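> Structure of the sequence below:
(chains A and B)
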Amino acid sequence: QKEVEQNSGPLSVPEGAIASLNCTYSDRGSQSFFWYRQYSGKSPELIMSIYSNGDKEDGRFTAQLNKASQYVSLLIRDSQPSDSATYLCAVINTGGFKTIFGAGTRLFVKA
Amino acid sequence: NAGVTQTPKFQVLKTGQSMTLQCAQDMNHNSMYWYRQDPGMGLRLIYYSASEGTTDKGEVPNGYNVSRLNKREFSLRLESAAPSQTSVYFCASIRRGGTEAFFGQGTRLTVV
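Predicted coordinates:
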C-alpha cells in the first residue's frame, strides 16, 4: 500500500462547477496535511494546509480532513480554466520530518 | 529573497558519468529535501536532512548520495548515472517539522 494515494484522473469539470479531489494516507499518526498545485513544467506551490479534523476554507478552496478515516479532500468551487493543473496531496509522517506526496490528480476545467 | 535555488536547470549526462545537483535556501529553514518526479509517479523522496549535520534516506535513495554542507546548502550527487535516473529533480526546504515545503525551480536531467 502506498503511503499517500490519490486518483490520478484526469478529472474534467466544466467552468463554474465544483471540483472534488480526494486523498487517503496510511500513517495514522500523521498530523499535517497539504494540497499543492503544480502547473505543467513548474514547481509545486502550496494552496492549502490543514491540521485538524473538519473543514478549512480559503476563498474558493475548502480542505476537509477526517483522521479517523485517514482521508483528506480538496473542493474547488466555481472552477476556472486557470485551475487546470495537477493537484498533489502531501502528508507529513509521524516523526514530523518526512513529507510524502501522492501521485497527483490532473484537473481539467473546460471553458 | 530568492527562496530555494537549484542549479543547473537542465543537464544531459552519458551513462556512467557523475554530477552534483546544487540546492541553496536563504529562508533559514532547518529541513531540506530532494525529490524526483516521473510521469504518473508524483514526487518521490530521495533523501532528506531534518537539520544541519543529519541526512536520512527516503523512498528511492539507491544510486544517490547527499551532503548537507551547512544550513543553507544541500547537494545531491549521482556517482554513476543510469538512464533510470532520467527525471525532474526538485529540492525543497521546510522551516520546521510539520510545516509546508518551499520548492526550487527543478532540474530536468536526461541520462543517455
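> Give me the below-cutoff pLDDT ranges for the chain.
Unless you meant another one, I'm taking chain A. By pLDDT under 70, the low-scoring segments of chain A are A:1.
> that's the wrong chain, I wanted chain B
Within chain B, the stretches with pLDDT under 70 are B:1.
> can you list the residues of it near chain A?
B:31, B:33, B:35, B:40-45, B:48, B:50, B:56, B:58-59, B:90, B:92, B:94, B:97-101, B:103-106 (Cβ under 8 Å from any Cβ of the partner chain). All C-beta atoms are positioned from the backbone trio N, CA, C, and that covers glycine.
> what sits against B:Ser51?
Neighbouring residues of B:Ser51 by Cβ atoms under 8 Å, 6 or more residues apart in numbering or on different chains: B:Asn30, B:Ser31.
> let's see it at 10 Å
A:Phe97, B:Asn30, B:Ser31, B:Met32, B:Arg68, B:Lys71, B:Arg96, B:Gly97 (Cβ atoms under 10 Å, 6 or more residues apart in numbering or on different chains).
> What is the nearest of those residues to B:Ser80?
B:Arg68 (22.1 Å; Cβ to Cβ).
> Most neighbours out of the contacts of B:Ser51, which is it?
B:Met32 (28 neighbours; other Cβ atoms under 10 Å in any protein chain shown).
> so who does the closest residue to A:Glu45 other than its chain neighbours touch?
Nearest non-adjacent residue to A:Glu45, counting by Cβ to Cβ, 6 or more residues apart in numbering or on different chains: A:Arg37, 5.7 Å away. Listed by Cβ under 10 Å, 6+ apart, the contact partners of A:Arg37 are A:44-48, A:61, A:74, A:76, A:83, A:85-88, A:104, A:107.
> Which members of these are positioned in strands?
The members of those that map onto strands under DSSP state E are A:Glu45, A:Leu46, A:Ile47, A:Met48, A:Phe61, A:Leu74, A:Ile76, A:Ala85, A:Thr86, A:Tyr87, A:Leu88, A:Leu107.
> Of the residues you listed, which pair is most distant in space?
Among the ones in strands among the contacts of A:Arg37, A:Leu46 and A:Leu107 lie farthest apart (Cβ to Cβ), at 16.5 Å.
> So which of those two has more stuff around it?
Taking other Cβ under 10 Å, A:Leu46 and A:Leu107 do not tie; A:Leu107 has more neighbours (21 against 16).
> Setting the sequence-adjacent residues aside, check what's closest to the more buried one.
Counting by Cβ to Cβ, 6+ apart, the residue nearest A:Leu107 is A:Leu11, at 5.1 Å.
> wait, isn't the one you found in contact with A:Phe108?
Yes. If you go by Cβ atoms under 10 Å, A:Leu11 and A:Phe108 touch, sitting 7.1 Å apart.
> What number of residues are in the vicinity of A:Ser26?
For A:Ser26, the count of nearby residues is 14 (other Cβ under 10 Å).
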